[in-house]
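Enquirer: Dropping the sequence and predicted coords here.
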Amino acid sequence: MTHYEEIELATDHGMSVFDITPEIEAIVSKSGCKEGTVTVLSKHSTLSISINEMEGRLCDDIRQYFLTLAPPNKPYLHNDLDYRVGPEDWAGGDEAWRDFRRTQPVNTHSHLIAMMLGTSECIPISEGVMKKGKYQSILAVDVDGPKTRGIAVQITGGK
């Protein structure tokens, strides 16, 4: 059996961490899966999915650590919006692409942090529950908020 749903998440400004474990647990329960896996996937290039402890001071440390590794104020090439090349099939051509670019954030550091954290997790399900550690939570880490984000959840297994 397979079961698919999406979660919508409204994020905060800058880099923010959210515990989405309760939402994932509810989807697993609703699916009726007894033995299998649940895959949780970010549908955005600057939203990460990770498993770790959800504790306020650790979340502050996560933000500080990754912003040290990828500081926002470096001269990243992706941030030079005037030189970004758009897709060949962009509706309205290059002029429309230039107009769109002007609305985009300077966010290379966000992409780099998301790459380090990863965009998905796969958790085993046994006896109808996720088999993760006692202090492990499924975290959505938005490094480019505020935005509304989509998270794909797919369960594969047997009832």
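Expert: Yep, it's here.
Enquirer: going forward, measure contacts and count neighbours with C-alpha atoms only.
Expert: OK.
Enquirer: Strands along this protein, start to end?
Expert: With strands called from DSSP state E, the chain shows them at 2-10, 14-19, 35-42, 47-52, 120-126, 129-130, 137-145, 148-158.
Enquirer: Let me have those in TSV, extended by mean pLDDT, distance to Gly92 and mean neighbour count.
Expert: Formatted as TSV, the strands of the chain follow (pLDDT from 0 to 100; distance: least, Cα to Cα, whole Å; neighbours: other Cα atoms under 10 Å):
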stretch	mean pLDDT	distance to Gly92	mean neighbour count
strand 2-10	98	30	14
strand 14-19	95	31	20
strand 35-42	98	29	21
strand 47-52	98	28	23
strand 120-126	98	34	18
strand 129-130	98	47	20
strand 137-145	96	27	24
strand 148-158	98	26	18
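Enquirer: and of these, who's closest to Trp97?
Expert: strand 137-145 (20.9 Å; Cα to Cα).
Enquirer: which residues does Ala140 contact?
Expert: Val17, Phe18, Asp19, Ile20, Leu47, Ser48, Ile49, Ser50 (Cα atoms under 8 Å, 6 or more residues apart in numbering).
Enquirer: The last one - nearest residue in space that isn't next to it in sequence?
Expert: Take Ser50 and drop its neighbours on the chain: the residue closest to it by Cα to Cα, 6 or more residues apart in numbering is Leu139, 5.1 Å away.
Enquirer: What's the separation between that neighbour and Val40?
Expert: As judged by Cα to Cα, to the nearest Å, Leu139 and Val40 stand 10 Å apart.
Enquirer: swap in Val153?
Expert: In terms of Cα to Cα, Val153 sits 5 Å off from Val40.
Enquirer: one step back: tell me which residues form a beta bridge with the residue nearest to Ser50?
Expert: Asp19, Ser50 (DSSP bridges).
Enquirer: quick thing: my sequence starts at 591, can you match it?
Expert: Taking 591 as the first residue, the last one we looked at is Leu729.
Enquirer: from what I can see it touches Ile610, true?
Expert: Yes. Between Leu729 and Ile610 there is a contact under Cα atoms under 8 Å: 5.8 Å.
Enquirer: I'm done for today, thanks for sticking with me.
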